[in-house]
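**Student:** Got a predicted model here, sequence first, then my questions.
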Amino acid sequence: MKKILLFFAVLIFTAGATFSEGTNTPDIYVKSVSISKIYNLKLGYRIVYMKANSQMQVFYIPNTWFETAAVTGSAPKAEILYGQESAYPYFSIFWVNGKFDHIRLYVKSDLNDPSWGENNPAWGNIDDKFKVDTLKLEF
């Protein structure tokens, strides 16, 4: 009888310890948005997407965000996946505990796809647009 009680006491203690560890999990939020146009530029990517009110919005992702942990010592802020799925192109942006964590781009592998654009001299000098540490997007 004592062995049974000891077994249940250990089981309850172990379950309680496991449950308390689970309460420290981060709060993760993900939003996926279609890409209207993507530009592969010398300093990174220029992404155009449509907000809920049908206005076009632009943001920039520097190439350095795609560097692996072997280079930077930390997880990359951006990932890019190429494919031909019908849902492509789109991006998923991840926030952890309310702060930007990383972005994942899902783009067409065919660079002749209409979703890929070319640099436009009318933009002028946009080099400073790639000097970003985080993303603050409007939807």
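**Tutor:** All right, it came through fine. Remember, predicted model here, so these are calculated numbers, not experimental data. Residues are numbered from 1 along each chain as shown.
**Student:** residue closest to the middle of the protein?
**Tutor:** residue 103 (1.7 Å; Cα atoms, centre = their mean).
**Student:** so that one bridges to which residues?
**Tutor:** Per DSSP bridges, the residues bridged to residue 103 are residue 78, residue 93.
**Student:** Residue 76 is in contact with that one, correct?
**Tutor:** No - using Cβ atoms under 8 Å, residue 103 is not in contact with residue 76, being 9.7 Å away. Every residue, glycine included, has its C-beta placed from N, CA and C.
**Student:** follow-up on the earlier one: what residues are up against the residue nearest to the centre of the chain?
**Tutor:** The contact partners of residue 103, taken as Cβ atoms under 8 Å, 6 or more residues apart in numbering, are 61, 65, 77, 78, 79, 91, 92, 93, 94, 135.
**Student:** run the last query once more with 6 Å
**Tutor:** Shown in contact with residue 103 (Cβ atoms under 6 Å, 6 or more residues apart in numbering): 78, 91, 93.
**Student:** Repeat that for residue 36.
**Tutor:** 48, 49, 50.
**Student:** which residues in this structure form strands?
**Tutor:** Remark: strands assigned in the chain by DSSP state E are 28-41, 44-50, 56-62, 78-83, 90-96, 99-108, 116-117.
**Student:** still on that earlier bit, looking at the contacts of residue 103, which is nearest residue 31?
**Tutor:** Comparing the contacts of residue 103 against residue 31 with Cβ to Cβ picks out residue 93 as the nearest, at 5.4 Å.
**Student:** Please report the distance of the closest one from residue 122.
**Tutor:** Going from residue 93 to residue 122 by Cβ to Cβ, to the nearest Å gives 27 Å.
**Student:** who's more crowded, those two?
**Tutor:** Set side by side, residue 93 and residue 122 show more neighbours around residue 93, with 20 against 5, by other Cβ atoms under 10 Å.
**Student:** isn't that one right next to residue 31, touching?
**Tutor:** Yes - using Cβ atoms under 6 Å, residue 93 is in contact with residue 31, at 5.4 Å.
**Student:** Any stretches of this protein with poor pLDDT?
**Tutor:** 1-23, 69-70, 72 (pLDDT under 70).
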